[in-house]
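Peer 1: The following comprises the amino acid sequence and a computationally predicted model.
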Amino acid sequence: MAEVFWLKENPPFPNHPLPVIYYPQALKELLENSSNGGEDVKAFFKENGYSNGWINGIHDYHHYHSNTHEVLGCVSGTAVVQLGGPHSDEVTVTKGDVILLPAGVAHKRISASEDFSVVGAYPNDLSPDMQLGDAVDYERVQKRSYDVPVPDTDPVSKKSGAVKEYWAME
């Protein structure tokens, strides 16, 4: 069952009117049966429409992507991640958890175990830009973030799921 986090604009971080979607333990079974967790999660996300995957950690500074949404799947360890920029909520992510960040949502690793690793990927074959909250044209970057289309698929359940439930625009 997915949970959502609604974030307010926190200039210079636009965040997004759509909520962050958190899927606790969505990858648990896949990782339990995997001999190569990160690569298997990348393949899983790709099958569900999220590509350009990578395996690494989460930056220890506030950043966001204004041109694409981003899915993060924790493949090992645990971390505390701040969502929404300074003075915003922190969430603990553990092996098996998935977070779907709408474009414009700032995120930063606060702390992590030594073995912490995530897979990141993006819908529609997009490559992310890197925004650090220092754009001189904040309004344009904010509008671009808000104009990113809702993906056709959910990173965890593909055709149904939380994207359709929480991000569907009628």
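Peer 2: Here it is on my side, so go on.
Peer 1: from the chain's centre, how far out does stretch 39-57 sit?
Peer 2: Chain-centre distance of stretch 39-57: 12 Å, with Cα atoms, centre = their mean, to the nearest Å.
Peer 1: got it, and stretch 135-146?
Peer 2: In terms of Cα atoms, centre = their mean, the centre of stretch 135-146 is found 19 Å from the chain centre.
Peer 1: buried set for that stretch?
Peer 2: The neighbour-count check on stretch 135-146 (16 or more other Cβ atoms under 10 Å) flags 141-142, 144-146 as buried. Where you see a C-beta, it was placed from the backbone N, CA and C, and this is true even at glycine.
Peer 1: any residues touching that stretch, and which ones?
Peer 2: 9, 11-12, 14, 16-17, 64, 66-67, 102-104, 131 (Cβ atoms under 8 Å, 6 or more residues apart in numbering).
Peer 1: closest to residue 118 among these?
Peer 2: Comparing the contacts of stretch 135-146 against residue 118 with Cβ to Cβ places residue 64 closest, at 15.8 Å.
Peer 1: My understanding was that the closest one contacts residue 106; is that so?
Peer 2: Yes. With contact defined as Cβ atoms under 8 Å, residue 64 and residue 106 form a contacting pair (4.7 Å).
Peer 1: more crowded one of these two?
Peer 2: residue 64 (28 against 25; other Cβ atoms under 10 Å).
Peer 1: Got the confidence number for that one?
Peer 2: Note on residue 64: pLDDT of 97.
Peer 1: what bridges to it?
Peer 2: residue 131 (DSSP bridges).
Peer 1: and the gap between it and residue 168?
Peer 2: To residue 168, residue 64 is 23 Å away according to Cβ to Cβ, to the nearest Å.
Peer 1: One more: residue 157?
Peer 2: 14 Å.
Peer 1: Compare these two (neighbour count), which wins?
Peer 2: When neighbours are counted by other Cβ under 10 Å, residue 157 and residue 168 differ, and residue 157 comes out ahead with 15 against 8.
Peer 1: can you give me the strands for this protein?
Peer 2: Assignment of strands within the chain using DSSP state E yields the ranges 3-5, 20-23, 50-56, 70-76, 78-83, 90-94, 98-101, 107-112, 117-123.
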